[in-house]
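Enquirer: Everything below, folded, please.
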Amino acid sequence: MSASDFDTDALDAWMKAHVAGYDGPLSLSRFGGGQSNPTFRLDTSRNAYVLRRKPLGKLLKGAHAVEREARVMATLAATDVPVPGILALCEDDSIIGTAFYIMELMQGRVFWDARFPDVPDADRPLYFDAMNATIAALHSVDVEAVGLSDYGRPGNFFVRQIGRWSRQYAEDPEAGVDANMNRLIDWLPQHIPNDESASLVHGDYRCDNMIFHPTEPRVIAVIDWELSTLGHPLADFTYHSMMYHMPPDIVAGLAGADLQALNIPGEAEYVAAYCRRTGRDNIPGYDFYLAFNFFRLAAIFHGIAGRVMRGNAAGSDAAARAKAFPRLAALGWQCAEAAMAKQANLEG
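Expert: Below is the predicted model:
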């Protein structure tokens, strides 16, 4: 969708009424990247803002909930989790065609490559430590104290998630059917670890969903909260640590990278830092969590494939992500096989 599809006069009038200090006229430009919810920069003569909206067209129930994104970011503003300021939420579809919200534009850097190639080698561990500290802070938020105890359903997280993504996959067979995906759907429910931890989770915590300080190794904002909920912190963390197994041509990943040459902490060291910050000794069932996250991301990419077919996919890389679906399912099954091999060694 292009910026010209906006009724800019209606948006301008709405912002004058709802955004403190706003003074038009405004100009719009689309942010690049793979946002499932189209995201735009709004510029006026004095200020700049970010608008995030739902895509147009038929949407799956519960998907693209920009209202939830706005709520969680507005709430987290009072915590140690860095987020952009939410300036206004519009749930009236008549203004620009869908619900949307306005947030502050954060001036900083987004790293699309998990190798952080544009920072000095000596500083690279500091960027990884900043990501690690931020997700640990997120999982330490007292959801009851901040008013988010109704933001999801704690307990039985994996049963519900596996069921949800399995159904979404099954309901859209035209987007592709994959043998490894089917194996994961059968295997995952039978191997859920006995850990009912619960916390606020981001759901898509990757380096390219963070804005770093313009010059310092510091996260100043975590963005793209569409998949946030009350969930399992280890599912959320291992989605992030999955970068160590992720081919970089799919999403930001480190598979195949020479970590020592890059001065990037190894996976075991990174996991240990998170455990230390969150009071854990280790993560039993780590390979299950990785398998689950590859399955979940494969299901998300399968959904993108469906939207590509229906012509309402957001993001310039939607078609490429749709094609990556079977590779993600294969990686997920590899993690499941690793879990089974480790279990067999323990039993042998």
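
Enquirer: Only C-alpha atoms from now on, for both contacts and neighbour counts.
Expert: Will do.

Enquirer: what's the offset of stretch 12-30 from the middle of its chain?
Expert: Relative to the chain's own centre, stretch 12-30 is displaced by 28 Å; criterion: Cα atoms, centre = their mean, to the nearest Å.

Enquirer: Enumerate the positions of that stretch that are buried.
Expert: Applying a neighbour-count criterion of 16 or more other Cα atoms under 10 Å, the buried positions in stretch 12-30 are 12, 15, 22, 24, 26-28, 30.

Enquirer: Which two among the residues you listed are spaced furthest apart?
Expert: Greatest spatial distance among these (Cα to Cα): 22 and 30, at 19.9 Å.

Enquirer: just to revisit the earlier point, please flag which of the buried residues of stretch 12-30 sit within strands.
Expert: By the criterion of DSSP state E, membership of the buried residues of stretch 12-30 in strands covers 27-28, 30.

Enquirer: which one of those residues is nearest residue 163?
Expert: Distance to residue 163 across these (Cα to Cα) is lowest for residue 30, with 34.5 Å.

Enquirer: Just to check, the closest one is in contact with residue 43?
Expert: No: judged on Cα atoms under 8 Å, residue 30 makes no contact with residue 43 at a distance of 11.5 Å.

Enquirer: what's the spacing between the host helix or strand of residue 287 and its chain's center?
Expert: Secondary structure assigned from DSSP states H and E places residue 287 in helix 286-310. Relative to the centre of its chain, helix 286-310 is centred 12 Å away, using Cα atoms, centre = their mean.

Enquirer: Need the residues that contact it.
Expert: The contact list for helix 286-310, computed with Cα atoms under 8 Å, 6 or more residues apart in numbering, reads 162, 165-166, 168-169, 172, 174-176, 181, 184, 188, 191-193, 234-235, 238-239, 242, 313, 318-319, 321-326, 328-329, 331-336, 338-339.

Enquirer: Now which of the residues you listed would you call buried?
Expert: Buried among the contacts of helix 286-310 (16+ other Cα under 10 Å): 162, 165-166, 168-169, 175-176, 181, 184, 188, 192, 234-235, 238-239, 242, 313, 318-319, 321-326, 328-329, 331-336, 339.

Enquirer: among the residues you listed, which are in helices?
Expert: Judged by DSSP state H, helices contain the following of the buried ones among the contacts of helix 286-310: 162, 165-166, 168-169, 181, 184, 234-235, 238-239, 318-319, 321-326, 328-329, 331-336, 339.

Enquirer: Give me the below-cutoff pLDDT ranges for the stretch 201-348 of the chain.
Expert: Within the stretch 201-348 of the chain, the segments meeting pLDDT under 70 span 314-316, 348.

Enquirer: Where do the strands of the protein begin and end?
Expert: Under the criterion DSSP E, strands of the chain are mapped to 27-30, 39-43, 48-53, 86-90, 100-104, 199-201, 210-212, 219-222, 229-231.

Enquirer: Out of these, which gets the lowest mean score?
Expert: Mean pLDDT across the strands of the chain is lowest at strand 27-30; the value there is a mean of 90.

Enquirer: From the contact counts, what lies against that one?
Expert: Judged by 3 or more Cα pairs under 8 Å, 6 or more residues apart in numbering; DSSP states H and E, strand 27-30 is in contact with strand 39-43.

Enquirer: Could you please name the strands the strand it packs on pairs with and the direction of each pair?
Expert: Applying DSSP bridges to the sheet, strand 39-43 is found paired with strand 27-30 (antiparallel), strand 48-53 (antiparallel).

Enquirer: Serialize those to JSON lines and add fields for distance to residue 87.
Expert: Shown next, in JSON lines, are the strands paired with strand 39-43 (distance: least, Cα to Cα, whole Å):
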{"stretch": "strand 27-30", "distance to residue 87": "17"}
{"stretch": "strand 48-53", "distance to residue 87": "9"}
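
Enquirer: How far away from the center of its chain is stretch 195-209?
Expert: The chain centroid and the centroid of stretch 195-209 are separated by 8 Å under Cα atoms, centre = their mean.

Enquirer: swap that for stretch 252-270, sorry
Expert: 21 Å.

Enquirer: oh, and call the first residue 16 from now on, that's how I've got it
Expert: Right, with 16 as the first residue, what we last looked at is stretch 267-285.

Enquirer: in it, what counts as buried?
Expert: Buried, per 16+ other Cα under 10 Å, within stretch 267-285: 267-270, 272, 277, 279-280, 285.

Enquirer: Distance across that stretch, terminal residue to terminal residue?
Expert: In stretch 267-285, first residue to last residue: 16 Å (Cα to Cα, to the nearest Å).

Enquirer: give me the number of residues near residue 299?
Expert: Residue 299 has 12 neighbours, counted by other Cα atoms under 10 Å.

Enquirer: For residue 251, see how far away the residue nearest to it when sequence neighbours are not counted is.
Expert: For residue 299, ignoring the flanking residues on the chain, the nearest one in space by Cα to Cα, 6 or more residues apart in numbering is residue 208 at 7.7 Å. Using Cα to Cα, we find residue 208 at a distance of 15 Å from residue 251.

Enquirer: Quick check: phi and psi at the residue sitting nearest the centre point of the chain.
Expert: By Cα atoms, centre = their mean, the chain has its centre lying nearest to residue 219, at 1.7 Å. Recorded main-chain torsions at residue 219 are phi -150, psi 50, according to degrees, to the nearest 10.
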